[in-house]
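# Okay, predicted coordinates and the sequence, questions at the end:
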Amino acid sequence: MNKKNIVILGGGFAGIYTAMHLERLLSKQKEYELILVNKENYFVYQPMLAEIVGGSLGIVDSVSPIHRLLPKTSLHIREIDSIDINNKTVTLAPQFSHTPLILHYEHIVFALGNSTDFRSTRGLYQHAFPFKNLSDALTIRNHLISVLEASILEKDPILRQKLLTFVVAGGGFSGTELVAEMNDFIQAFAKRSRGRINPDEIDIYLVHSKERLMDREISESLSRYAEKILRSRGVNILFGAKLISATPEDAILNNGTRIECKTIIATAPSSANSLVESLDLPLEKKRLKTDRTLQVIGKTDVWAAGDCAYVPLAKSENEPCPPTAQFAIRQAKVLAHNIYASIQGKKKKTFNFTSLGMLGALGHHSAVAELFGCIKVSGLLAWFLWRSLYWVKLPGFDRKVRVAFSWLIDMLIPQESVQLKLGEHQALAEVHYEPGEIIFHEGDAGDYLYIIIDGKIEIYTEREGEKKSIAILGKGEIFGEQALLNERTRSATAGCLESSDILALKKADFGALISNLKEFREKVEELERERTLKNKKLRGM
Ligand SMILES: Cc1cc2nc3c(=O)[nH]c(=O)nc-3n(C[C@H](O)[C@H](O)[C@H](O)COP(=O)(O)OP(=O)(O)OC[C@H]3O[C@@H](n4cnc5c(N)ncnc54)[C@H](O)[C@@H]3O)c2cc1C
């Protein structure tokens with residue numbers, strides 16, 4: 001028998017809980033098959049990600065295997081390539097073969113979440129870390145350990161200060177929780193360094209465009225409490241400021257401030273999933289617009305829930321539900337019921353949930369909590385509430401046991417700062433520079449070849465304080481080849497004249513290219529000869 005498919009896109013809170021409810025509701029409807037598509041084979045409990053960065057939870061403690069949560073659902077661990085609403089198909093990107101997989105559906109559920117939007121800010125994509133999923137948490141933790149370890153032996157005071165300066169952009173609860181956990185972790189690392197890192201050298205910034213922390217989630221008094229706690233622990237909070245550009249050397253804010261640093265993490269602004277944006281479906285603020293039954297407006301077989309959906313809030317038609325797990329879980333329940341009701345020809349339910357409150361962890365066994373709109377708790381009690389509530393909500397008994405053990409161990413044994421590197425190899429990296437910044441100095445090691453995507457770079461030498469320009473290079477031109485071809489240090493300095501995007505090719509990969517592509521090698525060698533000659537003339541040699 002050809003089964004009728006209910007395809008759920010996304011395995012986060014909204015997707016997993018929709019599938020859980022549908023597994024139960026459709027247990028007797030053998031003609032229906034539940035299919036869930038997700039990039040990963042696990043579900044991540046995002047509210048606990050900050051604890052992974054800080055190390056109070058182990059890397060896999062907050063994730064649950066989807067197969068175990070959804071035993072009756074077919075799981076496709078694939079990227080979604082395209083969706084055809086008219087022909088009711090979803091195409092999944094090829095994986096181990098070159099063939100895509102086409103899924104036909106009777107009902108489709110969009111639960112794809114949102115993403116941090118790096119497109120609107122220059123340099124963010126290249127130089128800032130997002131903080132959204134497990135791999136982001138792991139990458140940030142590895143990076144923090146790298147810069148802290150490097151700072152211990154760094155002799156150059158300017159570079160050392162950059163290594164010990166950290167910028168988090170976005171003071172919503174993910175940014176606030178992250179900065180709190182990071183601060184605890186970095187301070188503890190400094191303490192364990194036996195005087196090799198002085199806690200006074202550490203600068204941690206939280207940059208927030210609004211005038212108070214977690215302004216959308218909690219009331220002013222609790223925001224101020226959180227601010228006081230973080231400031232007292234040494235976090236610099238900059239209100240009314242926005243990150244407008246990022247480079248390998250600094251974070252640039254809209255008020256003209258430049259924070260020299262090697263760590264930028266951006267939790268804002270968030271944007272809809274790009275797949276959702278590309279569809280011919282009604283959108284509001286780039287999210288799929290639904291009615292209160294979670295049905296996408298004008299479509300009886302298209303549903304949406306969670307962060308990618310614009311679901312009207314119970315108390316106001318013009319306001320959407322906030323993008324929180326609390327809402328996603330409850331929307332999923334109503335959505336599953338309504339798909340079942342559609343199949344059975346029964347009455348659908350409307351989504352009338354209003355928030356139970358919000359909890360935000362502030363590290364060091366403290367938190368803020370606002371419950372049922374009137375109960376406000378802060379400090380240790382709120383922290384205890386935060387842990388208990390999230391622990392109860394963790395899906396799966398085994399996960400609960402793991403998390404409880406990790407928390408217990410964390411209280412008894414000092415944390416370890418071990419990196420879990422995955423040996424990633426990236427041949428080409430995109431970098432962004434702002435005017436006045438230096439890409440490399442004369443005398444530096446030749447480690448990369450650079451190709452200008454956009455912008456202007458000046459190559460120059462300096463003798464006794466006098467600058468002599470060798471070349472001004474623009475779009476499509478390359479530089480940095482001399483040191484690589486001749487295996488020596490840089491013979492000139494490369495400085496940025498205009499806001500520039502550059503491709504950086506590692507020395508080893510440059511070597512592989514020139515030894516295999518004869519014409520490329522000849523062109524680069526010719527360029528190198530011309531530039532060496534010009535350089536010599538300028539030096540009067
Ligand atoms: C750090 C952090 C802390 C948070 N803390 C809290 C909190 O304390 N309380 C609270 O209520 N909320 C919190 N939230 C918000 C909450 O986690 C989200 O609102 C919730 O996860 C939304 O669920 P979702 O199912 O809509 O999206 P998600 O949970 O983001 O799931 C989307 C899923 O879709 C998959 N996906 C996306 N695109 C594709 C594609 N092209 N192909 C295949 N799969 C795809 C992703 O892999 C992901 O698994 C936090 C969020 C973050 C990032």
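Perfect, thanks for sending it. Since the model is a prediction, treat every value here as computed from it, not as a measurement. Numbering: from 1, shown residues only.
# pLDDT at Glu522, what is it?
Per-residue confidence at Glu522 stands at 89 (pLDDT).
# ah, wrong one, I meant Gly474
pLDDT, read off for Gly474, is 95.
# pretty sure it contacts Lys456?
Yes: using CB atoms under 8 Å, Gly474 is in contact with Lys456, at 5.4 Å. C-beta: built from backbone N, CA, C; applies to glycine.
# who's more crowded, those two?
Lys456 (17 against 13; other CB atoms under 10 Å).
# any low-confidence regions in the stretch 201-350 of the chain?
Applying pLDDT under 70 to the stretch 201-350 of the chain flags no residue at all.
# I'd say Ser245 and Glu434 touch.
Yes: counting by CB under 8 Å, Glu434 is a contact partner of Ser245 at 5.8 Å.
# between those two, what contacts are shared?
123, 252, 499 (CB atoms under 8 Å, 6 or more residues apart in numbering).
# Spatially nearest residue to the second one, not counting backbone neighbours?
So that's Ile252. The shortest distance from Ile252 to any non-neighbouring residue, by CB to CB, 6 or more residues apart in numbering, is to Ser245 (4.1 Å).
# Tell me how many other residues crowd that neighbour.
19.
# Next: Ile502.
24.
# Over to Ala190?
Ala190, neighbours per other CB under 10 Å, totals 21.
# how far away is whatever residue of the stretch 51-200 of the chain ends up closest to the ligand from Asp81?
Nearest residue of the stretch 51-200 of the chain to the ligand: Gly113, at 2.6 Å (CB to the nearest ligand atom). Between Gly113 and Asp81 the distance is 18 Å, computed by CB to CB, to the nearest Å.
# The two: who's more crowded?
More crowded of Gly113 and Asp81, by other CB under 10 Å: Gly113, with 24 against 14.
# who in the stretch 301-450 of the chain is up against the ligand?
Counting by CB under 6 Å from any ligand atom, the stretch 301-450 of the chain comes close to the ligand at 306-308, 323-326, 328.
# quick check, nearest of those to the ligand?
Nearest to the ligand among those, with distances taken as CB to the nearest ligand atom, is Gly306, at 2.1 Å.
# for that closest one, what are its contacts?
10, 12-15, 111-113, 323, 327-328, 331-332.
# Kindly recompute the last result at 10 Å.
10, 12-15, 17-18, 109-114, 287, 294, 321, 323-325, 327-329, 331-332, 335 (CB atoms under 10 Å, 6 or more residues apart in numbering).
# do the same with Pro320
284-285, 287, 289-290, 309-313, 327.
# Who wins on neighbours among these?
Ala309 (31 neighbours).
# Now, the contacts of Pro320 that are in strands?
Residues of these located in strands (DSSP state E): 284, 287, 289, 309-310, 312-313.
# Asp447: which of those is nearest?
Arg287 (43.1 Å; CB to CB).
# Surely the closest one is in contact with Asn114?
Yes: using CB atoms under 10 Å, Arg287 is in contact with Asn114, at 7.8 Å.
# so what sits against both of these two?
Shared contacts of Arg287 and Asn114, defined by CB under 10 Å, 6+ apart, comprise 271-273, 276, 306-309, 323.
# which of those count as buried?
Applying 16 or more other CB atoms under 10 Å to the shared contacts of Arg287 and Asn114, the neighbour count classes 271-273, 276, 306-309, 323 as buried.
# Let me have these in TSV, adding secondary structure as columns.
Compiled in TSV, these are given as follows (DSSP: H, G, I helix; E, B strand; the rest coil):
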residue	secondary structure
Ser271	strand
Ala272	strand
Asn273	coil
Val276	helix
Gly306	helix
Asp307	helix
Cys308	helix
Ala309	strand
Pro323	coil
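# can you tell me which of those lies nearest to Arg529?
Here the nearest of those to Arg529, counting by CB to CB, is Ser271; it sits at 47.7 Å.
# Tell me the bridge partners for that closest one.
Ser115 (DSSP bridges).
# residues touching it, list them.
114-120, 277, 285-287.
# just Leu101 next, same as before
So Leu101 contacts 37, 76, 78, 81, 90-95 (CB under 10 Å, 6+ apart).
# Wasn't Ile237 part of a helix?
No: Ile237: not assigned to a helix; according to three-state DSSP it is strand.
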